[in-house]
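**Q** generate coordinates for the sequence data below:
(one chain, ligands or ions: 1)
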Amino acid sequence: MSTPLILLTNDDGIQAPGLRVLAESLAPLGEIQVFAPDRERSAVGHGISLHHPLRVKQVREGWHSVDGTPADCVLLAVRSLLGRRPDLVVSGINMGANLGDDVTYSGTVAGAREGMLLDIPAIAISNVDYAGGHLETSGAAAIAVARFVLEHGLPKETMLNVNVPGIPADAIAGFAVTSMGRRYYDDEIIHRKDPRGRDYYWVGGSAEKHVPVPGTDIHAVAENLVSVTPLQRDYTHHTVMASLAGVSGWTL
Ligand code: MN
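**A** Next comes the predicted model:
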C-alpha cells in the first residue's frame, strides 16, 4: 500500500493550535495535507460558498489557507487541488465540544461530513475544553482512531464524531462508542443597544444545558471517556416514512 494521504481541515482557522497538534499527531500515519479556513469559521455548519470566488494561499509546504468554510476546503482539496483522493479526512482538533445537537451547527463536523459525502472515511475530533486544555490528549485519541480507520475503513456513508475530555491522558477512563445526545440551549437571546442607539441581538450567549443520558456522547465525556459516535449520511426517519406512506388525506 502506498503512503496514505490524510487531508486535514478545521473550523477554528489555519492558525489554530488544535490543527497544529492534529497535524503533528497524525504525521507518522502518512502524508499530511492541510486545507483550512483562513480565519475562525466555528458554527458555520455545512455552508459552502456559492457567491464569491475562493482564494487559496499555500502558507507552507502542505498547508493551504482558504477564504471559505470547512466544507469548501474539503470540496476544493478533493475535487480539484490534491491530485489524488485522500484515504482519510480528519477535521479538528476543535476548541470545544461537539456533542449532541452541536453536530448540526458545527463547522468541524461539517468538514468531516463533506469527506463522507465524497465517499472518503472521515473523522471529526473535538477537545471538550474550550480553552484547549490538554490538547495532547486529543492528539493521542486522534492517532488511535485514525490508525483504526486507515486499517479497517468505515462502512459507506458513515463518519465518526470524536470528543475528548480536556484532561491528562492518564486521567482518561477509556473509549466509549456512543449515540448522539441532546443539548438544550438557553432560550435567552441577549438584546442590547449599540453606542448609536440601534438594537442588536446576541445569539448563543448563554451556556447550553444537557441531559446526561447513559450511552450518549454527553454522558461519556462527563465520565472522562473519549466518546466515539458513528454518524450516518441518511437523515430519513424510516419508521415515520412507512407510517406516512399510509396517509391518504393529502390531495391538491
Ligand atoms: Mn470551532
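**Q** contacts and neighbour counts: CA atoms only from here.
**A** Will do.
**Q** keeping just the C-alphas, turn stretch 103-120 into CSV.
**A** Extracted C-alpha coordinates of stretch 103-120, given in CSV (Å, rounded to 0.1, in the frame of the first residue of the first chain):
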residue,chain,number,x,y,z
VAL,A,103,-23.2,18.4,15.2
THR,A,104,-25.8,20.3,13.2
TYR,A,105,-24.2,23.7,13.8
SER,A,106,-20.6,22.6,13.8
GLY,A,107,-18.1,23.5,11.1
THR,A,108,-15.8,20.9,12.5
VAL,A,109,-18.3,18.1,11.9
ALA,A,110,-19.2,19.5,8.5
GLY,A,111,-15.6,19.2,7.4
ALA,A,112,-15.7,15.5,8.1
ARG,A,113,-19.2,15.2,6.8
GLU,A,114,-18.1,16.6,3.4
GLY,A,115,-15.5,13.8,3.3
MET,A,116,-18.2,11.3,4.0
LEU,A,117,-20.3,12.8,1.1
LEU,A,118,-17.3,12.3,-1.1
ASP,A,119,-17.0,8.7,-0.1
ILE,A,120,-13.9,9.1,2.0
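**Q** buried residues in that stretch?
**A** For stretch 103-120, a neighbour-count test (16 or more other CA atoms under 10 Å) marks 103, 105-120 as buried.
**Q** same thing with stretch 214-224?
**A** Going by neighbour count (16+ other CA under 10 Å), the buried part of stretch 214-224 is 216, 217, 218, 219, 220, 221, 223, 224.
**Q** now do the contacts for the closest residue in space to residue 138 that isn't next to it in sequence.
**A** Leaving aside its chain neighbours, residue 138 sits nearest to residue 164 (5.6 Å; criterion: CA to CA, 6 or more residues apart in numbering). The contact partners of residue 164, taken as CA atoms under 8 Å, 6 or more residues apart in numbering, are 97, 125, 126, 127, 128, 137, 138, 141, 221, 225, 226, 227.
**Q** okay if I get those residues as JSON lines plus pLDDT and distance to residue 208?
**A** Listed next are those as JSON lines, based on pLDDT from 0 to 100; distance: CA to CA, whole Å:
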{"residue": "97", "pLDDT": "96", "distance to residue 208": "11"}
{"residue": "125", "pLDDT": "98", "distance to residue 208": "20"}
{"residue": "126", "pLDDT": "98", "distance to residue 208": "17"}
{"residue": "127", "pLDDT": "98", "distance to residue 208": "17"}
{"residue": "128", "pLDDT": "97", "distance to residue 208": "13"}
{"residue": "137", "pLDDT": "98", "distance to residue 208": "24"}
{"residue": "138", "pLDDT": "98", "distance to residue 208": "22"}
{"residue": "141", "pLDDT": "98", "distance to residue 208": "25"}
{"residue": "221", "pLDDT": "97", "distance to residue 208": "15"}
{"residue": "225", "pLDDT": "98", "distance to residue 208": "20"}
{"residue": "226", "pLDDT": "98", "distance to residue 208": "20"}
{"residue": "227", "pLDDT": "98", "distance to residue 208": "19"}
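**Q** and the residues you listed, which of them are in helices?
**A** Taking DSSP state H as the definition of helices, the contacts of residue 164 contribute 137, 138, 141, 221.
**Q** look up phi and psi at the residue in the stretch 51-200 of the chain positioned nearest to the ion.
**A** As assessed by CA to the ion, the ion sits closest to residue 94 within the stretch 51-200 of the chain, at 5.0 Å. Dihedral pair for residue 94: phi -70, psi 140, per degrees, to the nearest 10.
**Q** so what's it bridging to?
**A** residue 126 (DSSP bridges).
**Q** quick one, what contacts it?
**A** If you count contacts by CA under 8 Å, 6+ apart, then residue 94 has 10, 11, 12, 18, 19, 108, 125, 126, 127 around it.
**Q** thank you, goodbye.
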